[in-house]
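Visitor: Attaching a predicted model along with its sequence, questions to come.
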Amino acid sequence: MATKTLEELFDWMDSDINGSYVENVGYLEDGRIVASISDWESNENSIAVLTKTDAEQVVQKETIVIATLSSAYDIRSSAVKFNKSSDKYRITVREYFDYDYNNYTEDSYKTAMSDALNRLLNDLTSDNCPDIIDLVGMDIQDLVDKGLIEDLGIYLDKSSKISRSDILENVLDIYTYNGILTCIPTSVSLQTVVGKTADVGEEMGWTLEEVMAYGDAHPDARLFDHTSKSTIMSYMIMLNGDAFIDWSTRECRFDSEEFKKLLEFVNRFPDEDDYNSDTLSTPNKIQKGDVLLDMVYISQFNDIQIYGDIYQGDYTLIGFPTVDGEGGCVLSSSSTYAVTSKSARKDGAWEFLEGMLAQEPSRHFWGFPTVKKYLNAMMEEEMRKYYMDEEGNPVLDENGQPMVREGTSSISYEDGWSYTYHVVTQEEVDMVMELLNTAEPVAWSGSEEVGKIISEEAEAFYKGQKTVDEVAKIIQSRIK
C-alpha cells in the first residue's frame, strides 16, 4: 500500500478456475490460498484451496494460447472446462488491451485499443504468434489476404462431433473469405429497421432515395427516435462501405452521386441524441405519428412481436437503407475465434473450438445458436403453449387440463405504454428465420479510419459552410 504497486501472484486459469466466478479470496495460516466460487451459469458453489507447487510436480500439457483484445467471461469459462477434460492440452488467454479505467477519456481509450491491436497484429507475424485469435475488432479480410488464418473447413469436414449440415448455411457462407472458413460463431443476433407495412410495403430492403422520399411525405415526423447524425452515419458506412471502396483495386467513389445522397440523408438527423428532453416513449411517439421507424435488436424470437402492437397492425422488417436497396439486416456474432496459420497446435485448437460448438448452450445463452439442433430447441421452447414439468409432461390444472402459457413477460414505460409478450407464433419464427438466412456482418476493411475522415469533413456540410459537392470532393481526396 505504501508504494501503491501491484504484484501478480498467479492466474486463476492456471488452476482451472474462472476468475469471473470468484467471490472471495484470502490466505490460510499455512500460506495456502482459499477462494469461494459461485458459478452463476450452472448454479454451482464451491470452495477452492490453492497450494503453491513446483512446476516439475505438475502434469505438463501442450499450451494453446488464445489472443483477444479484451476477453469476455465466456471464453474463460469454455477454456476452464476444456482444461479439466483434456489430458494433452491446456488453454491460456492472452489479453492485449490493458487500460486504466480510473483515468478514462475517449481519446486515451482509442489510443490504448489501437496500441493493443497493433501489438496483436505484430505477434501474428512473429515467433510469439498465438494459436487462436478472437476476431472481434479484427479485419478478417486483411488477415486472410496476409495468409494468417487457417481454413476451418478442412477440420469441420473431418469432424466426428459436428458437420456442415449441422450449422446455419448463411453463417458458414458469410464467414468464408476467399474460400477460407475463418470462424464458426456459436451464436448470432440481428439488428434491422421496422416500419408500418401500409407505408413501407411488405418486401425487405429499400434504397436511400426511397427512405428519403418516405421522410419527405411525412414532414412533421422524424424517421427515427433518439438517432443523431453520427449514429446514423456509422450504420450507413458499415452497410454501404463496399459501395464506395474497392479494396482490391484501392479505388473509391466518395465523390459519386450516391455518396452525396447519403450525406444529404444523414443531414436530416439532429446533431445530438435527445434522450433527456423526452417525456414520451418511442412506442407512444410512433403511434402518435411523431416517429416513423424504429431500430430493432433481435436475440430471441419474441423480440419482434411488440411491433405488431406498436404499429397497431402489420409491420415490416424493412431493413436499413442501402445504396442498392438490398439486405439491410446486420448480423452480430459471439465467439468468433480463428486458428492461426502459424500455430503448431492446430489440431488442439480445433478440438477446443469444436467442443464449444458441440456443447449445449447454458441457460444464460445469448442470441440465436448457430447449431441447428440447439436453434430448433430454442424455437420449440419459445413456441411452447403449455407449462411443462421436469419430465417434459404438461402441467395440469384442477380440471385435469394442460395449463396454457399466456403472457411470458412484459415491458412498460414511464409514460404508461406497456406490452405483454405472448407465446411465439410460427409466423414470427418464419420472419426471424428469413433474417437469419440473409443477414450479413458489417465489418469491412478500414471502416474506422474511413468513418473518422467522413465525420471530420462532413461537419462543414452539416453546418452549411460548404456544399455537398465540395465536401464529397474533399472526402474523396483524403480517403483515396
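Guide: Okay, I see it.
Visitor: For the residue nearest the centre of the chain, what are phi and psi?
Guide: Nearest residue to the geometric centre of the chain (Cα atoms, centre = their mean): Ser332, 3.6 Å. Dihedral pair for Ser332: phi -110, psi 140, per degrees, to the nearest 10.
Visitor: Skipping adjacent residues, who's closest to it in space?
Guide: Distances taken as Cβ to Cβ, 6 or more residues apart in numbering place Ser189 nearest to Ser332, at 5.0 Å, with adjacent residues excluded. (Glycine included, C-beta is placed from N, CA and C.)
Visitor: check which helix or strand covers the one you found.
Guide: Assigned by DSSP states H and E, Ser189 belongs to strand 187-196.
Visitor: Can I get that strand in PDB, CA atoms only?
Guide: C-alpha atoms of strand 187-196 as PDB (Å, rounded to 0.1, in the frame of the first residue of the first chain):
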ATOM      1  CA  SER A 187     -24.400 -17.600 -31.600                       C
ATOM      2  CA  VAL A 188     -25.600 -14.600 -33.500                       C
ATOM      3  CA  SER A 189     -28.000 -11.700 -33.100                       C
ATOM      4  CA  LEU A 190     -29.700  -9.300 -35.500                       C
ATOM      5  CA  GLN A 191     -30.300  -5.700 -35.900                       C
ATOM      6  CA  THR A 192     -32.700  -4.200 -38.500                       C
ATOM      7  CA  VAL A 193     -35.300  -1.500 -39.100                       C
ATOM      8  CA  VAL A 194     -39.000  -1.900 -38.700                       C
ATOM      9  CA  GLY A 195     -41.800   0.200 -40.200                       C
ATOM     10  CA  LYS A 196     -45.600   0.200 -40.800                       C
END
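Visitor: Which secondary structure elements does that strand sit against?
Guide: strand 294-298, strand 315-316, strand 330-334, strand 368-369, helix 426-436 (3 or more Cβ pairs under 8 Å, 6 or more residues apart in numbering; DSSP states H and E).
Visitor: partners of the first one, with directions?
Guide: Strands that pair with strand 294-298, judged by DSSP bridges, come out as strand 187-196 (antiparallel).
Visitor: Could you figure out how far the partner strand is turned away from helix 426-436?
Guide: Put simply, strand 187-196 runs at 110 degrees to helix 426-436, going by axes from the mean of the first three to the mean of the last three Cα atoms, to 10 degrees.
Visitor: about what we covered before: so the residue nearest to Ser332 makes contact with Trp366?
Guide: Yes - applying Cβ atoms under 8 Å, one finds Ser189 in contact with Trp366, separated by 7.3 Å.
Visitor: Low-confidence stretches in the stretch 301-450 of the chain?
Guide: Scanning the stretch 301-450 of the chain for pLDDT under 70 picks out the ranges 363-365, 407, 443-448.
Visitor: Ser189 and Trp366: who's more crowded?
Guide: Ser189 (19 against 15; other Cβ atoms under 10 Å).
Visitor: Need the overlap of contacts for Ser189 and Trp366.
Guide: When contacts are counted by Cβ atoms under 8 Å, 6 or more residues apart in numbering, Ser189 and Trp366 have Ser299, Ser334 as shared neighbours.
Visitor: Tell me if I am right that His226 is in a strand.
Guide: No - counting by DSSP: H, G, I helix; E, B strand; the rest coil, His226 falls outside a strand, being coil.
Visitor: Report the secondary structure state of Ser46.
Guide: Ser46 ends up strand, using three-state DSSP.
Visitor: Can you get me a residue count around it?
Guide: For Ser46, the neighbour count with other Cβ under 10 Å is 11.
Visitor: got it, and Leu124?
Guide: Leu124, neighbours per other Cβ under 10 Å, totals 20.
Visitor: Surely it is in contact with Ile132?
Guide: No - taking Cβ under 8 Å as the definition, Leu124 is not a contact partner of Ile132, at 11.4 Å.
Visitor: Now for those two: what residues contact both?
Guide: Going by Cβ under 8 Å, 6+ apart, residues that sit against Leu124 and also against Ile132 are Thr340.
Visitor: if I pick the residue nearest to the centre of the chain, what's in contact with it?
Guide: Val188, Ser189, Leu190, Gln191, Gly367, Pro441.
Visitor: and the residues you listed, which two are the farthest apart?
Guide: Pairwise distances across the contacts of Ser332 (Cβ to Cβ) peak at 13.3 Å, for the pair Gly367 and Pro441.
Visitor: Who has more neighbours out of these two?
Guide: Taking other Cβ under 10 Å, Gly367 and Pro441 do not tie; Gly367 has more neighbours (21 against 17).
Visitor: Quick check: the more buried one vs Val80, distance?
Guide: 22 Å (Cβ to Cβ, to the nearest Å).
Visitor: just the CA coordinates of the longest helix along the chain, formatted as CSV?
Guide: Counting residues, the longest helix found in the chain (DSSP state H) is helix 106-124. Extracted in CSV, the C-alpha atoms of helix 106-124 (Å, rounded to 0.1, in the frame of the first residue of the first chain):
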residue,chain,number,x,y,z
GLU,A,106,-12.4,8.8,-25.1
ASP,A,107,-9.0,9.6,-26.7
SER,A,108,-7.0,7.6,-24.3
TYR,A,109,-9.3,4.6,-24.7
LYS,A,110,-9.0,4.7,-28.5
THR,A,111,-5.2,5.0,-28.2
ALA,A,112,-5.0,2.1,-25.9
MET,A,113,-7.2,0.0,-28.1
SER,A,114,-5.2,0.9,-31.2
ASP,A,115,-1.9,0.0,-29.4
ALA,A,116,-3.4,-3.3,-28.4
LEU,A,117,-4.5,-4.1,-31.9
ASN,A,118,-1.0,-3.2,-33.3
ARG,A,119,0.7,-5.5,-30.7
LEU,A,120,-1.6,-8.4,-31.6
LEU,A,121,-1.0,-7.9,-35.3
ASN,A,122,2.7,-7.8,-34.8
ASP,A,123,2.6,-11.1,-32.8
LEU,A,124,0.6,-12.8,-35.6
